Every structure is written in C-alpha cells, then in structure tokens.
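S.K.: with the sequence up front, the predicted model follows.
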Amino acid sequence: MPDVVTREERTLIEAALAATPIEDRRVPMGATGLPEIKWDGGALRYVGITNGWRGLVAARSRGSQAAGRAARSRVADRNARICADARAGMTYPQLMVKYELSRHSIYAAVARSGLRVTPVPREFTTAEMLTAKIVALVDGVRTVPQIAAEAGCSSRSVRYRRDLLGLDIPHGLAGKPIQWRAVA
C-alpha cells in the first residue's frame, strides 16, 4: 500500500476541513501535551501523576517500558538456556561460541544463578615432559615455530632446548636451507 493520498481521500479531507471553523483547526495558545496542573496548597502538581517529573516520565514512557520488558524477557530466556547448558557441563569457550557472547556476559548469566561453569581442562606439563615432547618432534624438517605449535609451547622454549641439547632444528622455512645474500 503506497503512501499516496488518493483522490477520494483528498476529497474527504477537504470536506472535513471546510466543515471545521478555522479557529478550531489551530492549537490554542498555552495548550500542552502534559497533564493538567493544579495547586494543592503547597506546590503545583500534575493531576494523576505522583513523584513529580519521575512519575511524569514514567507515565509518558509506558510503551518504552513494554519494549524494555520484552527485551528483559528475551535476555532472561537466553540466560536460562545458558544456565541449562552450564549444568550440562559446557565450558566457557563452548558457551561463548554457541551464544555468540563475551566471556563476561556468560559469566554474569551463570553467576546470577549461583552455578559454576566447568573449567577448561588444561594439560599441565613439567619441564622434563616438554623436553621429551620437543625431542620426539625433532626430525630435521620441522622448524622452531612448527614444533612449538605442535608441542603447545613458545618458540623461545623450543630454541632454548635446541641450543641446550644441540638439536637439529632448521631456522628457516620447513625443509629449505637459509639463503645468505651478500649486501652491497
């Protein structure tokens, strides 16, 4: 349906304007959209409004309050689903991916219900275990960053063990020797 006034509608509008005197078509001076104001012996008060301006704002924003209630209801439903998944044993990263929310939002939703999210299982390794992992990954082809990624440690840890144990780990790209160039 287009936003165009048809010829019939235009005729009806003009007939209504012609039937209404021009004085009644204007907004009178002093007219307001606010409620009526009365003197109560101590102050001017809006009729039917309590709490002064706060009550007036609340009375005028009933529609926005309904929208806020609907949004809060959707958030409460989402938080209930998050808590159900947390009870089922999902971790923070899993909840963050599923609901596309930040860690803080997930934590706040779970904390309000008094639950605790399952911590992400971490693999604790000692220095000896890490050294054994790195030595097992050394094949003369993998580079320091590749071994670090596979061992789950930093490149610095791999370089340290390479230098300490004299391991054969290439510096450059996988399987390619370093190309030295003379600088002129």
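M.R.: It's in.
S.K.: hey, let's count contacts and neighbours off CA atoms from now on
M.R.: Noted.
S.K.: domains in the chain, by residue range?
M.R.: For the chain, automatic domain parsing gives the domain ranges 36-121, 123-184.
S.K.: redo those as a markdown table? Include distance to residue 23.
M.R.: Listed next are those as a markdown table, based on distance: least, C-alpha to C-alpha, whole Å:
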| stretch | distance to residue 23 |
| --- | --- |
| domain 36-121 | 22 |
| domain 123-184 | 83 |
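S.K.: the ones you listed into JSON lines, with extra columns for mean neighbour count, distance to residue 17 and mean pLDDT?
M.R.: Shown next, in JSON lines, are the domains of the chain (neighbours: other C-alpha atoms under 10 Å; distance: least, C-alpha to C-alpha, whole Å; pLDDT from 0 to 100):
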{"stretch": "domain 36-121", "mean neighbour count": "14", "distance to residue 17": "28", "mean pLDDT": "79"}
{"stretch": "domain 123-184", "mean neighbour count": "14", "distance to residue 17": "80", "mean pLDDT": "81"}
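S.K.: name the helices or strands packed onto the host helix or strand of residue 136?
M.R.: Secondary structure assigned from DSSP states H and E places residue 136 in helix 127-137. With contacts taken as 3 or more C-alpha pairs under 8 Å, 6 or more residues apart in numbering; DSSP states H and E, helix 127-137 sits against helix 144-151.
S.K.: remind me what the following helix or strand past the helix it packs on packs against, helices and strands.
M.R.: Next along the chain after helix 144-151, taking DSSP H and E as the criterion, comes helix 155-165. Judged by 3+ C-alpha pairs under 8 Å, 6+ apart, the packing partners of helix 155-165 are helix 144-151.
S.K.: residue ranges of the helices in the protein, please?
M.R.: Along the chain, counting by DSSP state H, helices occupy 7-19, 22-25, 52-60, 62-87, 92-99, 103-112, 127-137, 144-151, 155-165.
S.K.: select, out of those, the one closest to residue 35.
M.R.: Taking C-alpha to C-alpha as the criterion, residue 35 comes closest to helix 52-60 out of the helices of the chain, the separation being 8.7 Å.
S.K.: closest one to residue 15 among the domains of the chain?
M.R.: Nearest to residue 15, of all the domains of the chain, is domain 36-121, at 32.7 Å by C-alpha to C-alpha.
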